[in-house]
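Participant: Predicted model and sequence below, questions to follow.
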Amino acid sequence: MAYKESTLEQRTIEFISKNQLVPKDTTILVALSGGPDSVCLLHLLINLRKDLKINLHVAHLNHKLRGPESDDDAWYVIALCEQLKVPVTIDTRDVMAYHKLKHLTLEEAAREMRYQFFSQVMKYVNADCIATAHTKDDNVETVIMHIIRGCGIDGLRGLQPKSTMTLREESIPITLIRPLLEVSKQETHQYCKAHRLKPRDDSSNKSAEFFRNRIRLQLLPALREYNPSIDTAILRLASIASDYFSFTEHLTHEIWATLAENKNGIIYLDRQKLITLPRAMQSQIFRQAVQAILGNTSDLEASHVEDAIGLLKKRTGKKLNLPHNLRLSLEYDRIVLARENQSSCIFPAIKSEISLKVPGETQLPGWKITTLVTLSPYPIQGKSKFSACFDLEKTGKIFYVRNRKKGDKFQPLGMTHQKKFQDFMVDARIPSSWRDRVPIVYTPDQIIWVVGYRIDDRVKISKSTKKVINIIFERIEESDCGFRA
């Protein structure tokens, strides 16, 4: 194809191709604010859609932050899309109310609501990705913002040509592409002027109230006094950071399966293997763990990663709170990353004391407990740690189940004396967060079984045993501790 007036079209299609941003037959949702950058992006994609074999749909959100000016932006977008003959979806959301409700900054609230809207439109029009009009000027500002907030190598990379993000309360990540990431704002303005496009001017871009604006209007001009080429230097730093990050990311992917496991959205990391890794790879492992749960690491700062690495040498039971209600917990030989409303505990909670039917079945939330009276131990396939056999003459026929109580003692199998539960659970390396959930089976006379761990030595089967009581615990449903049977 011969491009007539501008090399910007050629550069854009080459950038899209080089970074593999869009395969053929892709439907792109174009985020259109009405400003020069997004108008330039839309016009370019319309001109290139035959060559790229893509479909386009436009989305615009009225944030209601600038009164009539915001309404005029929406009408402008409608008129432009009619003129360019591209379908558009427009909505209005109260960002100010959301900002107050969620206790976010106004910038954060606007961004979050905007991408919530984009995600909804994506599903409605069956789009594959969202195209945003971020330029290399935006990238410079982003890197500086990340440095000020205390980022690691990941943050130094700045904006990427293609990335994914997962919104709050959503599990499926959305794909973002940035076709103009190597284009300057000056070029987008020139393109609009050359094609007689008349984009809107957002007055809020001049407000020092917003962090990014202060970077653009105050900090960057000051930095350019020290180095007129500071923008180029920052982008060079971002490129070097990207190369370094890609290398460590590649190494991390190679070893991830050897030390990490994802069960029902909870990440388990092998503590001992992690300790032996270089610090840079430890950092990357923690970032990948967060990425596996949230779909992005946008709010994970270098200080969070440093604290996570520091946790490796702490004593078991220590915890660390991370952004987006994530919690990192140290459980003996492993580190567990989960949302705050999840737990690695394999035991469904027992709310109250309950008596068991003998023989028969007893059900309680998360558990089905079966008791069988036999002449010999009942053959349990795989010898589950949730099944045990006892001498019926020593136990009697009355059994109860509860959680531990202060002062509990029992005589673990193989021992000649009683042991406090707390001491037993520490020696058995039971995570502290599990200990109040471990079921305890007892009779009117004594505790006979710490389910999943050890029976009491005084009720074990012997050669003189005449009748055996078999007790079998089965997990039967998803519990509130994150386990699915």
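Facilitator: Here it is on my side, so go on.

Participant: what's the nearest residue to the residue positioned nearest the centre of the chain if we skip its chain neighbours?
Facilitator: By CA atoms, centre = their mean, the chain has its centre lying nearest to L294, at 1.3 Å. Spatially, and ignoring its direct neighbours in sequence, L294 is nearest to T166 (5.4 Å; CB to CB, 6 or more residues apart in numbering). Where C-beta positions appear, they are placed from N, C-alpha and C, glycine not excepted.

Participant: ok, how many other residues are close to that neighbour?
Facilitator: Using other CB atoms under 10 Å, T166 has 18 neighbouring residues.

Participant: Identify the residues contacting it.
Facilitator: Contact analysis of T166 by CB atoms under 8 Å, 6 or more residues apart in numbering lists 172-174, 294-296.

Participant: Make a PyMOL selection of the buried ones in these.
Facilitator: This is how PyMOL selects the buried members of the contacts of T166, with burial counted by 16 or more other CB atoms under 10 Å:
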select buried, resi 173+174+294+295+296
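
Participant: Narrow the contacts of T166 to those in helices?
Facilitator: L294 (DSSP state H).

Participant: Looking at the contacts of T166, which one is closest to I54?
Facilitator: I54 lies nearest to I174 out of the contacts of T166, by CB to CB, at 17.1 Å.

Participant: From H60, how far off is that closest one?
Facilitator: 17 Å (CB to CB, to the nearest Å).

Participant: picking up where we left off before, could you check the pLDDT of the residue nearest to L294?
Facilitator: For T166, the model assigns a pLDDT of 76.

Participant: ditto for V86
Facilitator: Note on V86: pLDDT of 97.

Participant: Find the helix or strand that L29 is a member of.
Facilitator: Here L29 sits within strand 26-31, counting by DSSP states H and E.

Participant: Can you tell me what sits against that strand?
Facilitator: Residues contacting strand 26-31 (CB under 8 Å, 6+ apart): 22, 38, 41-42, 45, 52-60, 86, 114, 118, 121-122, 125-133, 177.

Participant: out of those residues, which are buried?
Facilitator: Buried, going by 16+ other CB under 10 Å: 22, 38, 41-42, 45, 52, 54-60, 86, 114, 118, 121-122, 125, 127-133, 177, out of these.

Participant: Which of the residues you listed fall in helices?
Facilitator: Within the buried ones among the contacts of strand 26-31, residues falling in helices by DSSP H are 38, 41-42, 45, 52, 114, 118, 121-122, 125.

Participant: for the helix ranked longest in the chain, the distance to its chain's centre please.
Facilitator: As assigned by DSSP H, the longest helix anywhere in the chain is helix 230-259. Offset of helix 230-259 from its chain centre (CA atoms, centre = their mean, to the nearest Å): 20 Å.

Participant: now swap in stretch 341-359 and tell me
Facilitator: Stretch 341-359 sits 29 Å away from the centroid of its parent chain (CA atoms, centre = their mean).

Participant: now do stretch 85-96
Facilitator: On CA atoms, centre = their mean, the centre of stretch 85-96 falls 27 Å from that of its chain.

Participant: Which positions in it come out as buried?
Facilitator: Residues 86, 88-90, 93, 95 are the ones in stretch 85-96 that count as buried (16+ other CB under 10 Å).

Participant: tell me the average confidence for stretch 431-444?
Facilitator: Stretch 431-444 comes out at a mean pLDDT of 89.

Participant: Quick one: end-to-end distance for that stretch.
Facilitator: 28 Å (CA to CA, to the nearest Å).

Participant: residues in contact with it?
Facilitator: Counting by CB under 8 Å, 6+ apart, 316-317, 329, 331-332, 343-350, 356, 367, 395-396, 398-404, 408, 425, 430, 447-453, 471, 473, 481 sit against stretch 431-444.

Participant: hmm, 7 Å instead?
Facilitator: 317, 329, 331-332, 343, 345, 347, 349-350, 395-396, 398-404, 425, 430, 447-452, 471, 473, 481 (CB atoms under 7 Å, 6 or more residues apart in numbering).

Participant: what does stretch 33-50 give?
Facilitator: Residues external to stretch 33-50 that are found in contact with it (CB under 7 Å, 6+ apart): 8-9, 12-13, 28, 30-32, 56, 58, 73, 76-77, 84, 86, 131, 133, 135, 179-180, 185, 188-189, 191-192, 195, 197, 199-200, 202.

Participant: Could you list the low-pLDDT ranges of the stretch 251-400 of the chain?
Facilitator: Applying pLDDT under 70 to the stretch 251-400 of the chain picks out residues 378-383.

Participant: if you set the cut-off to 50 instead, what comes out?
Facilitator: Filtered on pLDDT under 50, the stretch 251-400 of the chain yields the residue ranges 381-382.

Participant: Show me what the host helix or strand of Q186 is packed up against.
Facilitator: Applying DSSP H and E as the criterion places Q186 in helix 185-194. Judged by 3 or more CB pairs under 7 Å, 6 or more residues apart in numbering; DSSP states H and E, the packing partners of helix 185-194 are helix 36-52.

Participant: Would you indicate which residues of the helix it packs on are buried?
Facilitator: Residues of helix 36-52 classed as buried by neighbour count (16+ other CB under 10 Å): 36-45, 47-48, 52.

Participant: tell me the angle of it relative to strand 26-31?
Facilitator: Interaxial angle, helix 36-52 versus strand 26-31 (axes from the mean of the first three to the mean of the last three CA atoms, to 10 degrees): 170 degrees.

Participant: Could you pull up the mean pLDDT of helix 36-52?
Facilitator: When pLDDT is averaged over helix 36-52, the result is 96.

Participant: Return the distance of it from the chain's centre.
Facilitator: 32 Å.

Participant: Just the buried ones among the contacts of stretch 33-50, please.
Facilitator: Among these, the ones that count as buried by 16+ other CB under 10 Å are 8-9, 12-13, 28, 30-32, 56, 58, 73, 76-77, 86, 131, 133, 135, 179-180, 185, 188-189, 191-192, 197, 199-200, 202.

Participant: could I get the host helix or strand of L101 in PDB with only the CA atoms?
Facilitator: Here L101, judged by DSSP H and E, is contained in helix 95-102. Only the C-alpha atoms of helix 95-102 are listed here, as PDB (Å, rounded to 0.1, in the frame of the first residue of the first chain):
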ATOM      1  CA  VAL A  95     -16.700   9.200  38.900                       C
ATOM      2  CA  MET A  96     -16.800  11.700  41.800                       C
ATOM      3  CA  ALA A  97     -19.200   9.500  43.700                       C
ATOM      4  CA  TYR A  98     -17.100   6.500  43.000                       C
ATOM      5  CA  HIS A  99     -14.000   8.300  44.200                       C
ATOM      6  CA  LYS A 100     -15.600   9.100  47.500                       C
ATOM      7  CA  LEU A 101     -17.200   5.600  47.900                       C
ATOM      8  CA  LYS A 102     -13.900   3.700  47.200                       C
END
